[in-house]
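Undergrad: Here you go, sequence then predicted model.
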Amino acid sequence: MARKARNRRSIARRGLMLVLSSPSGAGKTTLSRMLLKADRGVDLSISVTTRPRRRGEVQGHDYHFIDRGRFDAMAKSGDLLEWADVFGYCYGTPRRPVEAALHAGRDVLFDIDWQGTQQLREKARDDLVSVFILPPSAKELERRLKARAQDSKAVIGVRMAKAADEMSHWAEYDYVVVNRDISEAFREVQAILAAERRKRERQVGLTEFVRGLRAKL
């Protein structure tokens, strides 16, 4: 068994950037948590933000909390793969830890919207795998938002209205998963990740591996 494991590790692989996007309530966050728990080869991208730290949040775990001056400097110098201004606070993805993970053959999970995904596509298309999560119906999306018991009726109304705009970008993604059942949707996300990991261009050690095989024939 140990020998087989060594053989599998012998083919070097470049990691990928896996983006999960969805309207609020469609299941993106739940699927992200399930994937991080089930797959040790996936790291969560930790964003930088200028917003104040909330109760219970941990520096470097939930976000990297920085001031606006440092954020602007990172954006200007190209140290952010993507960034956005959301309700007066800035959020962005640091470039260096993501590139280090990809080089080490680890995959990086992103929980971002279509605008952030578009920026990643412009800067690193070959490394990007994007998945859009859809609800099975508008009625079910509203039910899930109400079931969370986190928002007022007014906020739920805003989220439903925003969902229509977010869902209009589904065709910009590589894959679309309809979350009728969370377990089934999770299996589909896992299947996507497994297939993308096996793509020839990401298995950067294949040339050396095949050369070694041919040398022994």
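TA: Okay, I see it.
Undergrad: contacts and neighbour counts: CA atoms only from here.
TA: Will do.
Undergrad: shaky segments in the chain?
TA: 1-9, 149-151 (pLDDT under 70).
Undergrad: which residue ranges form the strands in it?
TA: 17-21, 42-44, 48-49, 64-65, 80-86, 89-94, 107-111, 128-134, 175-178 (DSSP state E).
Undergrad: so what secondary structure elements neighbour the second one?
TA: When contacts are defined as 3 or more Cα pairs under 8 Å, 6 or more residues apart in numbering; DSSP states H and E, strand 42-44 sits against helix 28-38, strand 107-111.
Undergrad: Mind listing the strands it pairs with, and their directions?
TA: strand 107-111 (parallel) (DSSP bridges).
Undergrad: what's in contact with the strand it pairs with?
TA: Contacting residues not belonging to strand 107-111 are listed as 15-21, 28-29, 32, 41-45, 98, 101-102 [Cα atoms under 8 Å, 6 or more residues apart in numbering].
Undergrad: Dump the C-alpha coordinates for it into PDB.
TA: This file holds the C-alpha atoms of strand 107-111, laid out as PDB (Å, rounded to 0.1, in the frame of the first residue of the first chain):
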ATOM      1  CA  ASP A 107      -5.600  23.200  -4.800                       C
ATOM      2  CA  VAL A 108      -7.100  26.500  -3.500                       C
ATOM      3  CA  LEU A 109     -10.800  27.000  -2.900                       C
ATOM      4  CA  PHE A 110     -12.400  30.400  -3.500                       C
ATOM      5  CA  ASP A 111     -15.700  31.600  -2.200                       C
END
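Undergrad: Taking strand 128-134 as reference, get the angle to it.
TA: Angle, strand 107-111 to strand 128-134, by axes from the mean of the first three to the mean of the last three Cα atoms, to 10 degrees: 40 degrees.
Undergrad: Now restrict the contacts of strand 107-111 to buried residues only.
TA: 15-21, 28, 32, 42-45, 98, 101-102 (16 or more other Cα atoms under 10 Å).
Undergrad: Distance check, the residue sitting nearest the centre point of the chain against Phe186.
TA: Geometric centre of the chain, nearest residue: Phe110, 2.2 Å, by Cα atoms, centre = their mean. Separation of Phe110 from Phe186 (Cα to Cα, to the nearest Å) stands at 16 Å.
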